[in-house]
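Novice: I'd like to go over a predicted model; first the sequence, then the structure.
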Amino acid sequence: MRRSIFAACACTIAVVGLGAVPGTSSAAVSGQDVTFMNSAHQGNMAEIAAGEDAQRHGGSSCVKDVGAMLVRDHKKLDAALSDLAEKEGVTLAADVTPEQEAELKSLQSKAGGDGYDKAWLAAQENAHKKTLLVIDAEIQRGQDPDVQAAAREARPVVSAHLDMVRGGQCHHG
């Protein structure tokens, strides 16, 4: 999990074809639902890695605190999603996307410098905006009621995270 970060939606493009891969889902789960579950799972893994990285390298207590919150919240979301995927017969992606991996490496290159916190917050803002698009697509176009419910449950969490990092500022308090 620690291999990557953010861009929960960058994975959307990479995962779009998973619905057509034999063995990734039961017949009852649509391609949209499988795409959402994989995108959300990869996003959760990326956010957990991002949060852990912020706790290690963040310069401000706010960035470290938000990082800890991301770890806690995305572990909880991912546990529920993993249970749902198992119930639905969906095999989730094992790793984050190459884009998420590259984002983490880029941020880690700023560790110890003055620009880390600002870059981390900006990356989180971007990732959470993209994640909301993925969530909204599932809510609107998903076919499995349980998967749609998972998206609806995740939306306020992701929205709250976005509010904390919006504008490259730390608004945690």
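Specialist: Thanks, I have it. Residues are numbered from 1 along each chain as shown.
Novice: so where's this structure shaky on pLDDT?
Specialist: Across the chain, the ranges flagged by pLDDT under 70 are 1-27, 171-173.
Novice: how about a cut-off of 80?
Specialist: Low-confidence segments of the chain, defined by pLDDT under 80, span residues 1-28, 113, 167-173.
Novice: got a list of what residue 67 touches?
Specialist: For residue 67, the contacting residues are 50-55, 58, 120, by CB atoms under 8 Å, 6 or more residues apart in numbering. Every residue, glycine included, has its C-beta placed from N, CA and C.
Novice: which non-adjacent residue is nearest it?
Specialist: Taking CB to CB, 6 or more residues apart in numbering, and ignoring the residues beside it in sequence, residue 67 has residue 54 as its nearest neighbour in space, at 2.8 Å.
Novice: How many residues are close by residue 53?
Specialist: The number of residues packed near residue 53 is 23, by other CB atoms under 10 Å.
Novice: Does residue 96 belong to a helix, a strand or coil?
Specialist: Secondary structure for residue 96, judged by DSSP: H, G, I helix; E, B strand; the rest coil, is coil.
Novice: after the helix or strand in which residue 132 is found, next one along is what?
Specialist: Applying DSSP states H and E as the criterion places residue 132 in helix 116-141. Following the chain from helix 116-141 toward its C-terminal end, the next helix or strand by DSSP H and E is helix 145-165.
Novice: Relative to residue 62, how far out is the spatially most central residue of the chain?
Specialist: Compute the mean C-alpha point of the chain, and by CA atoms, centre = their mean the closest residue is residue 43, 2.2 Å away. When CB to CB, to the nearest Å is the yardstick, residue 43 and residue 62 sit 22 Å from each other.
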